[in-house]
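Colleague: Okay, predicted coordinates and the sequence, questions at the end:
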Amino acid sequence: MNHYLPQKILIDKTILDLPFTKEILSRLPTVPKEIVEPKTITGSIFDKHILYLTKNKGRFFRPCPCTNKHYYISCEYRILDVGTNCAFNCSYCILQSYLNQPFIQVYANIEDLFRELDSIREFYRIGTGELTDSLFLDHITHLSKYLVPYFAKRNLILELKTKSTNIENLKGLDHRGHTVVSWSLNAREIAEREEIGAPALEERLKAARQCQLWGYPLGFHFDPIIYYPGWQEGYSDVIELLFKYIRPEGIAWISLGSFRFMPPLKYQIKRRFPESKIIYGEFIDGLDGKKRYFKPIRIRMYSHLLRCIRKYAPDVLVYLCMELPDVWRGVFGFVPERGKLKQMLDDVFKK
Amino acid sequence: MKKVFPEITKALEGLPNEEREKISSLFNQLNLSYSLQREFLSYLFEISARDGIGIKALLSEIKGILESALTREQKASSIRKYLRSRRFPLLSRAEEYFKNCLNNLKLPNWCEVIHPTYFEGDEYQIRIRFKGAKDFQSKIDYLKKLSQSEDWQKLIEETWFESLFTSEDLDR
C-alpha cells in the first residue's frame, strides 16, 4: 500500500511559522508549495491531490454530532478535529455532502489543540476519525507521536479510526493502553467495490494485528453495513477473517452501524459513482432526517453480525451506532438507559 | 391538460428514444401532476438500476392496469401503488399488513390509529372524536378494553415484524 503523497501543498500564511508546519514541510521537500491568503482559496473537497496546511479557527474538541439523541441512542463520544477529508474514495462517505472545505486539510496550530485538551477534567473517549481518517497522513504529520504519549498521561482515551495501514509511527510509543486503534471493516464485496483506494481487508487486519502485538487495544467498526444480495455470507466471511488475525481479548469494542445518510448524499453518489447500487436499498426517512434502512432490515443485519461475532468473541463489547431503542431491544434484548452506553464503553478501561 | 414538464423531459434525455416516448406517453395518458411525474420517474429509474431491468420491461408490468376499465385517476393511483411496492417491497407489505390487522380489529369509525411513519420510532397515535364528557368516558372505556386484547397488543408491539418477513425476504 502506497502512502498518500500530495501533488501540491498550500500553506495558509497565518501558520507559516508554526513548528508543526515546518515539521510537516520538512518531510515533503520535493512537493510544490504555495503560500496562500486563507480567504482567497477556492477548490473542492474532491481536489484530494492538494494538501492544505491551515489553522483550526474554531474548537478542536467537541461532542460528536450523534444525530438526534432524543430518538437514537448516543455513545456520547467526543471528537478532536485535527483536519478534514481523506485520500480514499469510498462511495458511501458522508463527507462528500457534509464538508464544505476544499482539499485535504491539516490544522497546524496543534498548540491550541493541546491547550484545549489540557482543560478537560472529565473522562472521555475522544476520536480524531470523524472528519478525516485518523492515520492516512500520519507518515507526513507524525501527529500520533504527539497524541498517543499525551493521552497516555491523561485519564482520557484516544481512538484512532482508520482504513489505512499507516501504523509505523505507533511502534514503540508509550501508550499505556490509552489509545485504541480502530479499523473500519466491511464485507469483501463492499470493500472492493465501494471503498476505492482503501487498503484490502487483509492489509487492514495485518496492521491491526501488528498494533495488537504492540499492546494497543483495538476497535472495529462495521459501519456502514450495506444490505446487498449476499450480505449474510459477506459479513460472516469478514468476521471469520477478523478473528483469524485478531485475538478477541485485545478488542476494546466493536460497533455496528447500518448505512445512513442525509438525502443530498444520494445525488453525490449517483454522480460520482454511477455504477454503485448502494443508494437503491429500501431506505425510509429516519427521525433525524437521515435515510435509513427499513427497521426490520436493520434488526436482521445487526442480529446476524452479532451472532457471527459471538461465535469467536463471546465477551467483547458490541454496540450499535445511532440506533433506536426498539432496534437495540430486537438485537440485544435490552435497551441501554440514557448514559448507560457511554458507561458500558467507559467501563472497558476500568476493568 | 398537464403534459410532461420541462424538468422531467430533461431527466429523460439520457434514455433510449423508445423508453423516453413510452414514459412521456404514460405521463400524458394519466395526466400526472409534476410531483407525481417525479415520483413515478424516481421509482422507474431506481427499480431499473437496482434490479438491472430495462424501463421498457418495467412499463410492460403495468400494461394490465393501463388497459383496464379503471378511470384515469384510479389507474394513476394503482400504478403508483404498484411501483411503490416494487421499490419498497418490505415497507409496503408492512403497511398493508398493519392496515389489514386494523380492519380485523373492527375499530369504530370515531377512532383512528396511526402507526409511526415508516414504522421508524415507536410512537403510535390514536385519534378519537367524542361529544361531551359522557361520550368521552365511554370511548375511553372502549379503548381500555381494546388495550387488553391480544390482537391489539401484538399489533402495537410489532412482534409481527418477525413473522411477516421470512428469511427468504430478508436474507437475499
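Modeller: Yes, it's here. Numbering: from 1, shown residues only, chains lettered A, B, ... in the order given.
Colleague: all helices of the stretch 101-250 of chain A, in order?
Modeller: A:110-118, A:138-141, A:143-152, A:188-194, A:201-213, A:231-245 (DSSP state H, counting those that start in this stretch).
Colleague: Comparing those helices, which comes out most buried?
Modeller: Ranked by mean neighbour count, the helices of the stretch 101-250 of chain A are led by helix A:138-141 with a mean of 21 (mean count of other C-beta atoms under 10 Å in any protein chain shown). C-beta here means a position set from N, CA and C on the backbone, and glycine is covered the same way.
Colleague: domains for chain B, by residue range?
Modeller: Domain assignment for chain B, taken from automatic domain parsing, gives B:6-87, B:89-170.
Colleague: pLDDT value on residue 66, please?
Modeller: No chain specified, so I'll use chain A. A:C66 is assigned 74 on the pLDDT scale.
Colleague: Sorry, I should have been clearer: chain B.
Modeller: For B:L66, pLDDT reads 94.
Colleague: That one and B:S25 touch, don't they?
Modeller: No: contact between B:L66 and B:S25 fails when scored by C-beta atoms under 8 Å: they sit 9.8 Å apart.
Colleague: what does the stretch 201-350 of chain A have sitting close to chain B?
Modeller: Residues of the stretch 201-350 of chain A lying near chain B by C-beta under 8 Å from any C-beta of the partner chain: A:229-232, A:277, A:280, A:282, A:284-287, A:292, A:294-297, A:299-300, A:324-326, A:330.
Colleague: Counting only helices, which of these make the cut?
Modeller: Members of those lying in helices (criterion: DSSP state H): A:231-232, A:295-297, A:299-300, A:325-326, A:330.
Colleague: In JSON lines: those residues, plus distance to A:L51.
Modeller: As requested, those are exported to JSON lines (distance: C-beta to C-beta, whole Å):
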{"residue": "A:W231", "distance to A:L51": "36"}
{"residue": "A:Q232", "distance to A:L51": "41"}
{"residue": "A:K295", "distance to A:L51": "42"}
{"residue": "A:P296", "distance to A:L51": "44"}
{"residue": "A:I297", "distance to A:L51": "39"}
{"residue": "A:I299", "distance to A:L51": "42"}
{"residue": "A:R300", "distance to A:L51": "42"}
{"residue": "A:P325", "distance to A:L51": "43"}
{"residue": "A:D326", "distance to A:L51": "45"}
{"residue": "A:G330", "distance to A:L51": "44"}
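Colleague: Out of these, grab the one that's most surrounded.
Modeller: When neighbours are taken as other C-beta atoms under 10 Å in any protein chain shown, the top entry among those is A:K295 (26 neighbours).
Colleague: what about the residue nearest to A:D346 when sequence neighbours are not counted, how many neighbours?
Modeller: Closest residue in space to A:D346, ignoring its immediate chain neighbours: A:F123 at 6.1 Å, by C-beta to C-beta, 6 or more residues apart in numbering or on different chains. Residues within reach of A:F123, counting by other C-beta under 10 Å, total 13.
Colleague: how would you label B:K56: helix, strand or coil?
Modeller: Following DSSP: H, G, I helix; E, B strand; the rest coil, the label given to B:K56 is helix.
Colleague: now swap in A:F349 and tell me
Modeller: coil.
Colleague: I figured it hits A:I157, correct?
Modeller: Yes: using C-beta under 8 Å as the test, A:F349 is close enough to A:I157 to be in contact (6.0 Å).
Colleague: neighbour-wise, which of the two wins?
Modeller: A:I157 (22 against 16).
Colleague: which residues does that one bridge with?
Modeller: When assigned by DSSP bridges, A:I157 has beta-bridge partners A:R125.
Colleague: residues contacting it?
Modeller: A:123-126, A:151, A:178-180, A:349 (C-beta atoms under 8 Å, 6 or more residues apart in numbering or on different chains).
Colleague: Closest one of those to chain B?
Modeller: Relative to chain B, the closest of the contacts of A:I157 is A:R125; by C-beta to the nearest C-beta it sits at 27.3 Å.
Colleague: number of nearby residues for the closest one?
Modeller: A:R125: 22 neighbours (other C-beta under 10 Å).
Colleague: same deal with B:S68?
Modeller: Neighbour tally, B:S68, other C-beta under 10 Å: 11.
Colleague: Next up, the contacts around it.
Modeller: B:K75.
Colleague: 10 Å - rerun?
Modeller: Neighbouring residues of B:S68 by C-beta atoms under 10 Å, 6 or more residues apart in numbering or on different chains: B:74-75, B:78.
Colleague: Same check on A:T165?
Modeller: Remark: with contacts taken as C-beta under 10 Å, 6+ apart, A:T165 is in contact with A:1, A:3, A:135-136, A:183, A:198-200, A:203-208, A:210.
Colleague: Could you name every residue contacting both of A:F349 and A:I157?
Modeller: Shared contacts of A:F349 and A:I157 (C-beta under 10 Å, 6+ apart): A:123, A:125, A:177-178, A:180, A:217, A:252.
Colleague: Of the contacts of B:S68, which is the nearest to B:L146?
Modeller: Lowest distance from B:L146 to the contacts of B:S68 (C-beta to C-beta) belongs to B:S78, with 32.7 Å.
Colleague: The closest one touches B:L66, doesn't it?
Modeller: Yes: counting by C-beta atoms under 10 Å, B:S78 sits close enough to B:L66 to count as a contact (9.4 Å).
Colleague: Around chain B, pick out the residues from the stretch 1-150 of chain A.
Modeller: A:71-72 (C-beta under 10 Å from any C-beta of the partner chain).
Colleague: now A:Q232: how far from B:D171?
Modeller: 5 Å (C-beta to C-beta, to the nearest Å).
Colleague: What sits closest to A:Q212 if chain neighbours are left out?
Modeller: Here the residue nearest A:Q212, using C-beta to C-beta, 6+ apart, is A:G250, at 4.8 Å.
Colleague: Pull the contacting residues for that neighbour.
Modeller: A:177, A:208-209, A:211-213, A:215-218, A:316.
Colleague: what stretches of chain B score poorly on pLDDT?
Modeller: B:1-2, B:172 (pLDDT under 70).
Colleague: May I see the contacts of A:G250 arranged in CSV, with distance to A:F46 as well?
Modeller: Formatted as CSV, these follow (distance: C-beta to C-beta, whole Å):
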residue, distance to A:F46
A:G177, 38
A:A208, 29
A:R209, 33
A:C211, 31
A:Q212, 35
A:L213, 37
A:G215, 38
A:Y216, 33
A:P217, 35
A:L218, 31
A:V316, 37
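Colleague: now for those, which pair is the farthest apart?
Modeller: Farthest pair in these, by C-beta to C-beta: A:L213 and A:V316, 18.4 Å.
Colleague: measure B:L59 to B:Y82 for me?
Modeller: Distance from B:L59 to B:Y82, by C-beta to C-beta: 11 Å.
Colleague: typo on my end, A:G330
Modeller: 30 Å.
Colleague: Same question for B:I53.
Modeller: 14 Å.
Colleague: Looking at these two, which one has more neighbours?
Modeller: Per other C-beta under 10 Å, whichever of B:I53 and B:Y82 has more neighbours is B:Y82, with 16 against 13.
Colleague: Which strand or helix spans that one?
Modeller: helix B:72-87 (DSSP states H and E).
Colleague: Would that helix count as contacting chain A?
Modeller: Yes: under the criterion of C-beta under 10 Å from any C-beta, chain A is reached by helix B:72-87 at B:R87.
Colleague: and that helix, C-alpha only, in PDB?
Modeller: C-alpha atoms of helix B:72-87 as PDB (Å, rounded to 0.1, in the frame of the first residue of the first chain):
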ATOM      1  CA  ARG B  72     -57.700   7.800 -15.300                       C
ATOM      2  CA  GLU B  73     -57.300   8.700 -11.600                       C
ATOM      3  CA  GLN B  74     -57.800   5.100 -10.500                       C
ATOM      4  CA  LYS B  75     -55.100   4.000 -13.000                       C
ATOM      5  CA  ALA B  76     -52.700   6.600 -11.700                       C
ATOM      6  CA  SER B  77     -53.300   5.500  -8.200                       C
ATOM      7  CA  SER B  78     -53.000   1.800  -8.900                       C
ATOM      8  CA  ILE B  79     -49.800   2.300 -10.900                       C
ATOM      9  CA  ARG B  80     -48.300   4.500  -8.100                       C
ATOM     10  CA  LYS B  81     -49.100   1.800  -5.600                       C
ATOM     11  CA  TYR B  82     -47.600  -0.900  -7.800                       C
ATOM     12  CA  LEU B  83     -44.400   1.000  -8.400                       C
ATOM     13  CA  ARG B  84     -44.000   2.000  -4.800                       C
ATOM     14  CA  SER B  85     -44.400  -1.600  -3.600                       C
ATOM     15  CA  ARG B  86     -41.900  -2.700  -6.300                       C
ATOM     16  CA  ARG B  87     -39.500  -0.100  -5.000                       C
END
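Colleague: I appreciate the help and will end here.
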